[in-house]
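Student: How does the following fold in three dimensions:
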Amino acid sequence: MATPRVVLITKADCHLCEDARDAVGRVTSSLGLEWSEELVDNQPELRERYAEEIPVVLVDGVQRDFWKIDEARLGRVLQRAMAQ
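Tutor: Numbers count the residues shown, from 1 in each chain. Down below sits the predicted model:
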């Protein structure tokens, strides 16, 4: 069973990012997974790439969702990734 790498890309003072943290936390916790967060504030390359889509969820380096995180979809993506 694979362990997918889940990364939430956020920025400071972002109300959608707070909601995304909660959503990603709920989904990953229910599957026994960990996740990490990267702030675009200190990383110009991330800020340039994702500026209009923050917050963004990456699973194994692939963008899977942005703005409002769909918990059901993220759960399905993670379950598929774990099955590989």
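Student: contacts, neighbours, all on C-alpha from now
Tutor: Will do.
Student: can you give me how far the helix or strand bottoming out on mean pLDDT in the chain is from the chain middle?
Tutor: Across the helices and strands of the chain, mean confidence by mean pLDDT, DSSP states H and E is lowest for helix 44-50: a mean of 93. Taking CA atoms, centre = their mean, to the nearest Å, one finds helix 44-50 lying 15 Å from the centre of the chain it belongs to.
Student: same for the next helix or strand after it, what does it pack against?
Tutor: Under the assignment DSSP states H and E, the closest C-terminal helix or strand after helix 44-50 is strand 56-59. For strand 56-59, the elements it packs on are strand 6-10, strand 62-66, judged by 3 or more CA pairs under 8 Å, 6 or more residues apart in numbering; DSSP states H and E.
Student: Kindly export the first one (C-alpha atoms) in CSV.
Tutor: Once non-C-alpha atoms are left out, strand 6-10 reads as follows in CSV (Å, rounded to 0.1, in the frame of the first residue of the first chain):
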residue,chain,number,x,y,z
VAL,A,6,-0.2,15.4,0.5
VAL,A,7,0.8,19.1,0.4
LEU,A,8,-1.4,22.1,1.0
ILE,A,9,-0.2,25.3,-0.6
THR,A,10,-1.4,28.4,1.3
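Student: Indicate each strand paired with it and its parallel or antiparallel sense.
Tutor: Under the criterion DSSP bridges, strand 6-10 sits next to strand 35-39 (parallel), strand 56-59 (antiparallel) in its sheet.
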